[in-house]
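> Here is a sequence with its predicted model. Questions after.
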Amino acid sequence: MSEVAEWSDELSVGIQEIDEQHKVLIDILNELNDGIHGVRRKEVRLEILDKLIDYTRIHFAVEESLMRIFAYPRYEEHKQEHDKLIAEIHEFRVQFVEDASAPTYELLIFLKQWLTNHIMKVDKHYEEHFLKMGAKKSWLNNSWLGKFWH
């Protein structure tokens, strides 16, 4: 199946941990695309959607934790965008549970546009601040804490 979204260096925020998480989100979007076009059962598509919701929450928690650790001045507005997306995905999930013919493809296009715009126009704002405050561009060892601190 063709991919609905692809990673490119243009999407990089310059911090490997965040970039890797963004890549996973893109992979899950492509998995959802395969689920839609592969005419999979409602339960399978719902499972993929739940996976997307769960991983999105994890990713947002990591970003928001770093924002608090690094005293990011745009934390509140950034968190509001995260909260709004989670609410919108949940609303779609409810519609999908009630009606399996709900337009899953529209959600897919919305999520692709949201993710791309969010990374390019919102996430890229924290790169310079995070790096200035001590975040690492790349992992030096395998420990989670070692991924962020010098």
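On my side now, so go ahead. From a predicted model like this one, the values you see are computed outputs, not experimental measurements.

> Leaving out sequence neighbours, find the closest residue to residue 51.
residue 28 (5.9 Å; CB to CB, 6 or more residues apart in numbering). Where you see a C-beta, it was placed from the backbone N, CA and C, and this is true even at glycine.

> Also residue 112?
residue 5 (4.8 Å).

> Contacts only, for the one you found.
Residues counted as contacts of residue 5 (CB atoms under 8 Å, 6 or more residues apart in numbering) are 26, 29, 30, 112, 115, 116.

> Try it again at 6 Å.
For residue 5, the contact set (CB atoms under 6 Å, 6 or more residues apart in numbering) comprises 26, 29, 112.

> Could you do residue 131 as well?
No residues are in contact with residue 131 under the rule CB under 6 Å, 6+ apart.

> one more time with 10 Å
Counting by CB atoms under 10 Å, 6 or more residues apart in numbering, residue 131 touches 13, 14, 15, 70, 137.

> now do residue 93
46, 49, 50, 52, 53, 102, 107.

> Any stretches of this protein with poor pLDDT?
In the predicted model of the chain, residues 1, 38-40, 102-103, 139-150 satisfy pLDDT under 70.

> could you redo the last one with a cut-off of 90?
By pLDDT under 90, the weakly predicted segments of the chain are 1-5, 16-17, 29, 31-49, 89-112, 134-150.

> Show the subsequent helix or strand relative to the longest helix along it.
For the chain, the longest helix by residue count, based on DSSP state H, is helix 42-69. Per DSSP states H and E, helix 42-69 leads on to helix 75-98 as the next helix or strand towards the C-terminus.

> counting contacts, what elements does whatever helix or strand comes next after that following helix pack onto?
Downstream of helix 75-98, the first helix or strand assigned by DSSP H and E is helix 104-118. With contacts taken as 3 or more CB pairs under 10 Å, 6 or more residues apart in numbering; DSSP states H and E, helix 104-118 sits against helix 16-37, helix 42-69, helix 75-98.

> give the contact list for residue 104.
32-33, 35-37, 42, 45-46, 48-49, 92, 95-96.

> what's the farthest-apart pair in the residues you listed?
Using CB to CB, the contacts of residue 104 span at most 19.7 Å, a distance reached by 37 and 95.
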